[in-house]
Structure formats: structure tokens, C-alpha cells
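Peer 1: heads up, no residue letters with this:
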């Protein structure tokens, strides 16, 4: 049984997700690609969608209106919200659901569909322990770059072995 998805994102990302859906076998069906937050709610109601995937866009009040309209609509889909934070990184969060394996399938579908261009970081809403995933990723990348630069500049053997361990 396929879960219906309503998708609202910029064209490039929407096309990546849609093409992934068309070329792979999975438990999801992109039923509609919306052109606004309001349109995504209307189609989710009409199609009885189980999942809404939306990209955060400006102005912020439209996002607030989306959540208000969703609350007033009396439908309860799983909502996956994402934000593009750099040219190759996305942070995303997802609403809760009683079935953890279902949530994991949605997360896997989303991250795999964008894996060619983006590194996706899951952000736990309200939990501090994973809130620095992006910064940790950037720092480790910077450290690696600095270590390689030092090696190219020339270091003594003991320093080289130290960097090699790290």
C-alpha cells in the first residue's frame, strides 16, 4: 500500500524527489506537487494524503499560516519540514508518528532522493543533543582540510603520524 505524499519545494528539489520516486520502488507515491503552502493543504485534504513534505521559505508568516490551516483542517498527516542551509546541506525535521519504522522509511526516502546533491541532517525538535550536527560536520571538514594543508607544507614524521591517526 502506497502512502500519498503532497510535496511543496523549489522546482529543483521537487524534481529530484519526484524523479527518485519514479525510478525506485518504495512505499510512497508523490500524488501532487504544490505551488504554495495553501495549495499543499488543500490537496492534502482532497487526496487524503498521509505525508506532506514542505520546504521552509520566506516570508515566515506563510509558514505560520500553513500550520494554522493544517490545524483547522482536521487532517493529521506526517509533516516533513526541511530547510536548505547551504548549497549542499539540508536540515529536516519530522512530526511524530506511532510507527517508528514508518517514520524511518519516510526519512530514508527523503534523504536518498536528495543524496546526489545534498547532505541531509535530521534535527530533533526540542532536543539539544543533536542540535549541532551541521556545525560538527563543518568543523570536522575544516579540521581535515587544515591537516592536509599542514601535511603539504611539510611536517616532521611524528606530526604526520599524529594527523594520520585523527
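Peer 2: Ah, there it is. Treat the numbers as computed from the prediction; the structure is a model and nothing was measured.
Peer 1: Ramachandran angles for residue 121?
Peer 2: Main-chain dihedrals, residue 121, degrees, to the nearest 10: phi -110, psi 120.
Peer 1: ranges for the helices of this protein?
Peer 2: 11-23, 37-47, 60-73, 100-114, 133-153, 157-165 (DSSP state H).
Peer 1: Can you pull up the most central residue in this protein?
Peer 2: Central residue of the chain (Cα atoms, centre = their mean): residue 92, 3.8 Å from the mean position.
Peer 1: on that earlier part again, wait, which of the helices of the chain is closest to residue 81?
Peer 2: helix 60-73 (8.4 Å; Cβ to Cβ). The way it works is simple: take the backbone N, C-alpha and C, and place the C-beta from them, glycine included.
Peer 1: Next, work out how far apart residue 14 and residue 107 are.
Peer 2: Noted for residue 14: a distance of 18 Å to residue 107, by Cβ to Cβ, to the nearest Å.
Peer 1: more neighbours, those two?
Peer 2: Relative neighbour count places residue 14 above the other of residue 14 and residue 107, with 18 against 15, counting by other Cβ atoms under 10 Å.
Peer 1: on that earlier part again, quick check: the residue nearest to the centre of the chain touching residue 85?
Peer 2: No: between residue 92 and residue 85 there is no contact under Cβ atoms under 8 Å: 10.4 Å.
Peer 1: what about the longest strand in this protein?
Peer 2: Longest strand of the chain, by residue count under DSSP state E: strand 78-86.
Peer 1: how about low-confidence regions in the chain?
Peer 2: Within the chain, the segments meeting pLDDT under 70 span 1, 125-156, 160, 163-164, 166.
Peer 1: do that again at 50, thanks
Peer 2: Scanning the chain for pLDDT under 50 picks out 130.
Peer 1: per-domain residue ranges of it.
Peer 2: Per automatic domain parsing, the structural domains of the chain span 3-126, 134-165.
Peer 1: Tell me which of the ones you listed sits most buried.
Peer 2: The highest mean neighbour count among the domains of the chain, using mean count of other Cβ atoms under 10 Å, belongs to domain 3-126: a mean of 16.
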